[in-house]
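Undergrad: predicted structure and sequence below. I'll ask about it afterward.
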There are 2 protein chains.
Amino acid sequence: MALDNRKKQVLQAIVDDYVTTNEPVGSKTLIEKHNFTVSSATLRNEMAELEKLGLLEKPHTSAGRIPSDKGYREYVDSLMHVDDLSEREREDIASRINDSVSEVKDLLRNATTTLSENTGFVSLAMTPRLHGSYLTQLKILMIEPGKALVVVVLSAGVVKDKLVRIPNFLTQDQIAQISNEVERSLSGKPLDEITLITLASSVKESKIPDPLLNQVLYEAYTAIKQADKLDVYLEGEHRMLSLPDFSELGRARDLLGTLSHDGMVAGYVNEIEADAVASGRRDSYMIRIGQEISLEGLEDCSFITTTYKMGDTVSGNIGIIGPKRMEYSKVISQINFVRKTLNDGIKKLSE
Amino acid sequence: MALDNRKKQVLQAIVDDYVTTNEPVGSKTLIEKHNFTVSSATLRNEMAELEKLGLLEKPHTSAGRIPSDKGYREYVDSLMHVDDLSEREREDIASRINDSVSEVKDLLRNATTTLSENTGFVSLAMTPRLHGSYLTQLKILMIEPGKALVVVVLSAGVVKDKLVRIPNFLTQDQIAQISNEVERSLSGKPLDEITLITLASSVKESKIPDPLLNQVLYEAYTAIKQADKLDVYLEGEHRMLSLPDFSELGRARDLLGTLSHDGMVAGYVNEIEADAVASGRRDSYMIRIGQEISLEGLEDCSFITTTYKMGDTVSGNIGIIGPKRMEYSKVISQINFVRKTLNDGIKKLSE
DNA sequence: TTTTAGCACTCATTTCTTTCGAGTGCCAAA
DNA sequence: TTTGGCACTCGAAAGAAATGAGTGCTAAAA
């Protein structure tokens, strides 16, 4: 996309204007508010050409121009500049994210709350992807006859647990014995390599009849697998209803309907992350705009996501989902700083 | 409220009609669809009287009547009859609620999903209120230096846990020792009686320096207190956008805004429950209609809640939040059956 | 070749009227 | 007490007209 200088300026001015006013931008507005030194007729010609290039579009014949998805794309890729937040903003965000934190979950929750409140959009946080991690501890605690708590501890300090049912007449000691044996043989094993088979073969000698033992092992297995499940928090869905972009009830409904399908959002964010890794792009943030997003009801939205780290191998995503008509640079600087604060917070928690 | 028979019939017909059509009901409709044997003029007179009694209102002079909040109240208190669900419906609900359940949380989740999908409204479930329960186990598991998992087991089989930070140089043995002592001295104690003081005095002899010990105890205390915190799941908020009652964006926004404040809903449901207990009413369900609800944005909603039981002393609430213009008897029969299924499911889990 | 002034034209939006009809209240007769 | 009849009300729907921001195009100026 080789745009001459003036075209760049025009596109930039149109995006900047439209994003804040939500009104199609005409040649006259452009002159008035963006001090161009050429006449409106010239701008009209430029706009016509930008439209031919697919960067602008007209809602209808006699209206001004608005950016197309491609226009936004060009804007975020080459035109905008992302400023740092002010000291005051940074302090505010950092203090909110670090407010009464005792586990990573709290950090994520605080981060989404902050992001959503500050932007007015939906924010999201995903629990870390655990492929790269390995098991460090596995405890089966008997709670009462027939009931046990399986505690799974993974590298990078992730702890998950699950309440399971076990055969009624197994004793505390028997459970403890199974727990110890499994832990001894599996600790240090990458999560991906743990299957029902490896689990079953981890208990070599035991005085417990096979069917009972297998039931316990199966439950332990489900607990481990569940630890691997991605959860996603969304926050601030209702804020989208305040945006003019979703003032049509139908749009709003489709949007919230899709968002309420946790799995869809999580899946799509994973896809974005995978693309970024595959293409080797090492930007601190990832953007998907409008039609680039394949989810129903999100045609007028943009995803901006970023990656937080837990230790060396484990990472997860946070981000926001807003209207594609958003002030990208502001949102990005927020997200960048939230990411940084989050990473620091996680590191501090694991010290 | 002493209504003569015909007035009752008129009110009932109007509620039944309005609830399904969402159109103000006029005398002509009433004659046509609800086979009255009197003339429309007579019905007009009846309606005028019902309006004088505050049971009906007119959206504007030349429209039919709609029920007022008081009218709905009269309807649910004395006019409607709640039918049982069909065998087919019962089977469907039961199988969905019991689908892949391994802890109470799963049951609650399934119940809300089912309720919301079946009614098209928002459903809610609250974790059980634990006042009446006592501590049966408390384990502090060291996860890695500086980090421990506090597992709190309460009567009625409730298990909660929390990841906490502990002084870095405490050893596994030291933690285990504290854990054992605390558990020995506190188990059997009602949750309400556990304070930082009782907790501190539970560890009589220990070789661990006080400041460190106190830090651990403090964290254990926060874990116990957190177990007592009520969580609320809401599900299906987006469904409200499909209702004509919230086709005005402003209403929808206020509604979802308030609902996104978990604390508000939980607090209000608690209030309903407390009222029911205080007034000694032992209905299986509780209803709040329209203006009776003191939450902003819920003036056009009704709450229908019910109580599920875990063991003898512990209980929680589930229910739905829908438009006050709803088919009360259908929703109530759903809720009644869900409550029953839930209670059965909980009992089965604890066997 | 590029820029600009000027002008006719387009079309969504707003505002004002008009029409339509469902529904009412009330009166007088049954 | 009930009913038929009738004048009246008022929101909703449909149409008509005015408004005005913005366009594309042409022809002259730079």
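TA: Cool, the structure landed.
Undergrad: outside of stretch A:137-148, which residues touch it?
TA: The contact list for stretch A:137-148 (Cβ atoms under 8 Å, 6 or more residues apart in numbering or on different chains) reads A:149-153, A:163-172, A:175-176, A:178-179, A:182-183, A:186-187, A:216, A:219-220, A:224, B:136-137, B:139, B:141, B:143, B:151, B:153, B:157, B:159, B:350-351. C-beta coordinates here come from the backbone N, C-alpha and C atoms, glycine included.
Undergrad: narrow the residues you listed to those that are buried.
TA: If you count burial by 16 or more other Cβ atoms under 10 Å in any protein chain shown, the buried members of the contacts of stretch A:137-148 come out as A:149-153, A:163-167, A:170, A:175, A:178-179, A:182-183, A:186, A:216, A:219-220, A:224, B:136-137, B:139, B:141, B:143, B:151, B:153, B:157, B:159.
Undergrad: now, these that are in strands?
TA: Applying DSSP state E to those, the entries found in strands are A:149-153, A:163-165, B:136-137, B:139, B:141, B:143, B:151, B:153, B:159.
Undergrad: and the furthest pair within those residues?
TA: Maximum pairwise distance among those (Cβ to Cβ): 24.4 Å, between A:165 and B:143.
Undergrad: follow-up on the earlier one: check the ones in strands among the buried ones among the contacts of stretch A:137-148 one by one and keep those near DNA strand C.
TA: With Cβ under 7 Å from any atom of the strand as the criterion, those include none near DNA strand C.
Undergrad: quick one, what contacts the residue nearest to residue A:31 when sequence neighbours are not counted?
TA: Nearest residue to residue A:31 in three dimensions, chain neighbours excluded: residue A:40, at 5.3 Å (Cβ to Cβ, 6 or more residues apart in numbering or on different chains). Residue A:40 sits next to A:27, A:28, A:30, A:31 when contact means Cβ under 8 Å, 6+ apart.
Undergrad: and the gap between the first one and DNA strand C?
TA: Computed as Cβ to the nearest atom of the strand, to the nearest Å, the residue A:27 to DNA strand C distance reads 9 Å.
Undergrad: also residue A:39?
TA: Here the criterion is Cβ to the nearest atom of the strand. By it, residue A:39 lies 3 Å from DNA strand C.
Undergrad: near DNA strand D at all, the strand or helix carrying residue A:41?
TA: Assigning secondary structure by DSSP states H and E places residue A:41 in helix A:40-52. Yes. For helix A:40-52, a contact with DNA strand D is found by Cβ under 7 Å from any atom of the strand, at A:40, A:41, A:44, A:47, A:48, A:51.
Undergrad: how near is the fourth one to residue A:10?
TA: As for residue A:47, its distance to residue A:10 is 7 Å (criterion: Cβ to Cβ, to the nearest Å).
Undergrad: neighbour count: these two, which is higher?
TA: Just comparing residue A:47 and residue A:10: by other Cβ atoms under 10 Å in any protein chain shown the higher neighbour count belongs to residue A:10, 27 against 24.
Undergrad: the more buried one contacts residue A:30, correct?
TA: Yes. At 7.1 Å, residue A:10 counts as touching residue A:30 under the criterion of Cβ atoms under 8 Å.
Undergrad: who touches both of the two?
TA: Listed as contacting both residue A:10 and residue A:30 by Cβ under 8 Å, 6+ apart are A:36, A:43.
Undergrad: number of nearby residues for the residue in the stretch 251-351 of chain A that DNA strand D sits nearest to?
TA: DNA strand D sits closest to residue A:325 of the stretch 251-351 of chain A, with a gap of 16.0 Å, by Cβ to the nearest atom of the strand. By other Cβ under 10 Å, 22 other residues sit near residue A:325.
Undergrad: which residues in the stretch 251-351 of chain A form helices?
TA: A:262-278, A:328-349 (DSSP state H, counting those that start in this stretch).
Undergrad: what do you get for the stretch 1-150 of chain A?
TA: Along the stretch 1-150 of chain A, counting by DSSP H, counting those that start in this stretch, helices occupy A:5-21, A:27-33, A:40-52, A:69-74, A:87-97, A:104-119.
Undergrad: for DNA strand D, what's its nearest residue on chain A.
TA: Closest residue of chain A to DNA strand D, Cβ to the nearest atom of the strand: residue A:26 (2.7 Å).
Undergrad: domain boundaries for chain A, per the record?
TA: Segmentation of chain A into domains, based on automatic domain parsing, reads A:5-79, A:87-129+A:231-349, A:135-227.
Undergrad: with mean pLDDT added, can I get the ones you listed in CSV?
TA: Below are those laid out as CSV (pLDDT from 0 to 100):
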stretch, mean pLDDT
domain A:5-79, 95
domain A:87-129+A:231-349, 95
domain A:135-227, 88
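Undergrad: format the ones you listed as JSON lines; extra columns: distance to residue B:298.
TA: What follows is the domains of chain A, written out as JSON lines (distance: least, Cβ to Cβ, whole Å):
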{"stretch": "domain A:5-79", "distance to residue B:298": "30"}
{"stretch": "domain A:87-129+A:231-349", "distance to residue B:298": "13"}
{"stretch": "domain A:135-227", "distance to residue B:298": "34"}
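Undergrad: of all those, which one is nearest residue B:280?
TA: Of all the domains of chain A, domain A:135-227 sits nearest to residue B:280, with 33.6 Å by Cβ to Cβ.
Undergrad: distance between the ends of the closest one?
TA: 11 Å (Cα to Cα, to the nearest Å).
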